[in-house]
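Colleague: Sequence plus predicted model, see below.
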Amino acid sequence: MGEKNESSSSFPIGKTAQERRFSYVPECYKVQPSLRAGSDSKLADVPLINLDGMSDDPTRRSIIIQEIANACRCYGFFQVINHGISQQTLDGALSAAADFFKLPNSAKAKFMSSDVHTPVRYGTSVRDGVDKVQFWRVFLKHYAHPLKDWIGLWPDNPHDYREKMGEYVVAVQELAGKIVGLVMESLGLGPSYLSSKLDDGMQVMAVNCYPPCPQPELALGLPPHSDYSCLTVVLQNLSGLQILDSRDKSWKAVPFIPGALQVNVGDQLEVLSNGRYKSVVHKVTVNSERTRISVAGLHSLGMDVKMEAAPEMVDEDHPNGYRDSSFKDFLNFIAKNDLGEGRISSTRSRFSDRDIYHIYIWMSAIRSAGNKEIIPGPICCLGPIESHPLARAQRERLMGCDYEVRVVCLCRFVSSFYSWPNSFGKFPCLMLSSSTCDLFVCLLRSCYSSMIVF
Ligand SMILES: O=C(O)CCC(=O)C(=O)O
Ligand SMILES: [Fe+2]
């Protein structure tokens, strides 16, 4: 049990409050009030899709495709039953995960790393020791596909971890491939549109453990984010996940259905569909009684393969609103940004009122003193990341210079990743002196506060 009032602005891996079972929530875990889990949050009426007959019954298959189309359009999320993975395999993966987290720190220490590029790593925060807000979670992330390339790097303690987790990852990789096939058909792209790219792609398992939290109303297990993947399939032992309902912009708790798996639309699918399907924004709440385990399989294209909008999804009425990017681009981005204050979500470079619930306004500038120098970062962001260190540093660097403001992005969450436009030239350009820029920021700020939803 941690000492009362231990003061620290952050706790390193192996010494965090959740690992040491503190009896209180330290300051650096307290999330801003608008993101805290309300005790009154409603249950999400998310679709529960019965996959029975998806492969061998054409009538059932077309009904399932309709259900999937509806779920992806309205929620970016659904649960599946009769998915073909046995309860024994599901229970095996959950118990292997739980047993791993019960090991003493010394057994987990060799996997501890805050380098997001490491293929097998144990961690406790989004970026340990760097991010301002910490989360009540411990995780083991490991690459999983093709299994033979990675299984030898996984923990061999507990002794059956590789066997039980291995059985699950093979089954869920196959299931994800089938579901993606159904999703592709629902977009009119044909079932094997992505098959070979996913077969050659990445499967990253985020094995998460959320220990009981003494003041669950103050902290979160994971901050709001969307997954970078094409599709994420999540196995869990307890409820705790909340999704943002894009219709009324409120958080809804996902009901726990024993044996069901949860399926999230990820950013890569949003990009491929050119925004017809939106990646679901979700967060994880914690509870004071039981340890929650979840095993999230993030299925995406290969490390260096860029996802782009399918040409079939782009036309005059639906211009391409996305920048193409790969898993590696994503890793490089998260290595540099504090995601705890609003993790990534894929967004368009165009504004859509479906997404007005958190708005970040980023501008890029060109220093116009002497030779023009392109400054490719944000000079301002509004909203909960107003004091984002990147923007602050940029403004300090540019102090006294004129700004040629090239881009104003209105985004969901931090979001500079997918929405950062390829071509600066396409955007309206304003020449502003630094004092006019300050006025401009004030104006944006007042627009922002009249648009903010929560
Ligand atoms: O714990 C969960 O239910 C979800 C985990 C998650 O969102 C993630 O690992 O990206
Ligand atoms: Fe997630």
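Modeller: The structure has been received and is ready for your questions. Note that this is a predicted model, so its numbers are computed, not measured. Ligands and ions are numbered 1, 2, ... in the order given.
Colleague: what's the burial count for the residue nearest to Leu222 when sequence neighbours are not counted?
Modeller: Ranked by CB to CB, 6 or more residues apart in numbering and with sequence neighbours excluded, the top spatial neighbour of Leu222 is Val284, at 4.0 Å. The way it works is simple: take the backbone N, C-alpha and C, and place the C-beta from them, glycine included. By other CB atoms under 10 Å, the residues close to Val284 number 22.
Colleague: before we move on, what SS does the closest residue to Lys42 other than its chain neighbours have?
Modeller: What sits nearest to Lys42 in space, not counting adjacent residues and going by CB to CB, 6+ apart, is Lys252, at 5.4 Å. What DSSP: H, G, I helix; E, B strand; the rest coil gives for Lys252 is strand.
Colleague: OK, contacts around the residue nearest to Leu222?
Modeller: The contact partners of Val284, taken as CB atoms under 8 Å, 6 or more residues apart in numbering, are Arg137, Asn208, Tyr210, Leu220, Gly221, Leu222, Gly240, Leu241, Gln242, Arg292, Ser294.
Colleague: So the third one is in contact with Thr291, correct?
Modeller: Right, Tyr210. Yes: with contact defined as CB atoms under 8 Å, Tyr210 reaches Thr291; the gap is 6.8 Å.
Colleague: Out of the two, name the residue with the larger neighbour count.
Modeller: Here Tyr210 and Thr291 are set side by side on neighbour count (other CB under 10 Å), and the busier one is Tyr210, at 29 against 16.
Colleague: Tell me where the model's unsure across the stretch 51-200 of the chain.
Modeller: Along the stretch 51-200 of the chain, the parts satisfying pLDDT under 70 run over 125-132.
Colleague: Strands along that one, start to end?
Modeller: Shown for the stretch 51-200 of the chain, the strands assigned by DSSP state E, counting those that start in this stretch span residues 77-81, 120-123, 138-143.
Colleague: Point out the residues in this structure that sit beside ligand 1.
Modeller: Ala206, Asn208, Leu222, Asp227, Val234, Gln236, Leu241, His282, Val284, Ser294, Ala296 (CB under 6 Å from any ligand atom).
Colleague: Now do the contacts for the first one.
Modeller: Meaning Ala206. Phe139, Lys141, Ser294, Val295, Ala296, Leu298.
Colleague: one more time with 6 Å, if that's ok
Modeller: Phe139, Lys141, Ala296 (CB atoms under 6 Å, 6 or more residues apart in numbering).
Colleague: now the residues you listed in JSON lines, with neighbour count and distance to Val120?
Modeller: Compiled in JSON lines, the contacts of Ala206 are given as follows (neighbours: other CB atoms under 10 Å; distance: CB to CB, whole Å):
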{"residue": "Phe139", "neighbour count": "23", "distance to Val120": "11"}
{"residue": "Lys141", "neighbour count": "21", "distance to Val120": "7"}
{"residue": "Ala296", "neighbour count": "23", "distance to Val120": "15"}
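Colleague: now, which of those residues sits nearest Phe22?
Modeller: Phe22 has its nearest neighbour among those in Phe139, at 18.3 Å by CB to CB.
Colleague: Pairing partners for the residue nearest to the closest one when sequence neighbours are not counted in the sheet, please.
Modeller: Once flanking residues are discounted, Phe139 sits nearest to Asn208: 4.9 Å by CB to CB, 6+ apart. Bridge pairing for Asn208 (DSSP bridges) gives the partners Phe139, Ser294.
Colleague: follow-up on the earlier one: I'd like the strands of the stretch 51-200 of the chain as JSON lines, with distance to Leu269 appended.
Modeller: Below are the strands of the stretch 51-200 of the chain laid out as JSON lines (distance: least, CB to CB, whole Å):
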{"stretch": "strand 77-81", "distance to Leu269": "12"}
{"stretch": "strand 120-123", "distance to Leu269": "25"}
{"stretch": "strand 138-143", "distance to Leu269": "20"}
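Colleague: of all these, which lies closest to Lys108?
Modeller: Closest among the strands of the stretch 51-200 of the chain, using CB to CB: strand 120-123, at 5.1 Å.
Colleague: other SSEs contacting that closest one?
Modeller: Here strand 120-123 touches strand 138-143, going by 3 or more CB pairs under 6 Å, 6 or more residues apart in numbering; DSSP states H and E.
Colleague: Contacts for stretch 223-230, please.
Modeller: Outside stretch 223-230, the residues that reach it (CB under 6 Å, 6+ apart) are 264, 266-269, 279, 281, 283, 298-300, 330, 340, 343, 345.
Colleague: Among these, which one has the most neighbours?
Modeller: Going by other CB under 10 Å, Gln268 tops the contacts of stretch 223-230 with 33 neighbours.
Colleague: Doesn't that one lie inside a strand?
Modeller: No: per three-state DSSP, Gln268 lies outside any strand segment and is helix.
Colleague: May I have the phi/psi pair for the residue nearest to Leu222?
Modeller: phi -120, psi 130 (degrees, to the nearest 10).
Colleague: What's opposite it in the beta bridge?
Modeller: Assigned bridge partners for Val284, using DSSP bridges, are Leu222, Leu241.
Colleague: Look up how far His225 lies from it.
Modeller: Remark: distance between Val284 and His225 (CB to CB, to the nearest Å) = 10 Å.
Colleague: and if you look at Cys74?
Modeller: Following CB to CB, the distance that separates Cys74 from His225 is 20 Å.
Colleague: neighbour-wise, which of the two wins?
Modeller: Comparing Cys74 with His225 by other CB under 10 Å, the one with more neighbours is His225, at 23 against 17.
Colleague: quick revisit: from memory the residue nearest to Lys42 sits against Asp245, does it?
Modeller: Yes: Lys252 lies in contact with Asp245 (CB atoms under 6 Å); the separation is 5.0 Å.
Colleague: Name the nearest residue to Ile64, ignoring sequence neighbours.
Modeller: Met54 (5.2 Å).
Colleague: Show me the helices in this protein, by range?
Modeller: 58-74, 87-102, 105-108, 147-150, 161-186, 195-199, 267-272, 327-336, 389-397, 416-419, 434-451 (DSSP state H).
Colleague: deepest of those, which one?
Modeller: Across the helices of the chain, the average number of neighbours (mean count of other CB atoms under 10 Å) peaks for helix 267-272, which reaches a mean of 28.
Colleague: which stretches of the stretch 201-350 of the chain have low pLDDT?
Modeller: 249, 321, 323, 333-350.
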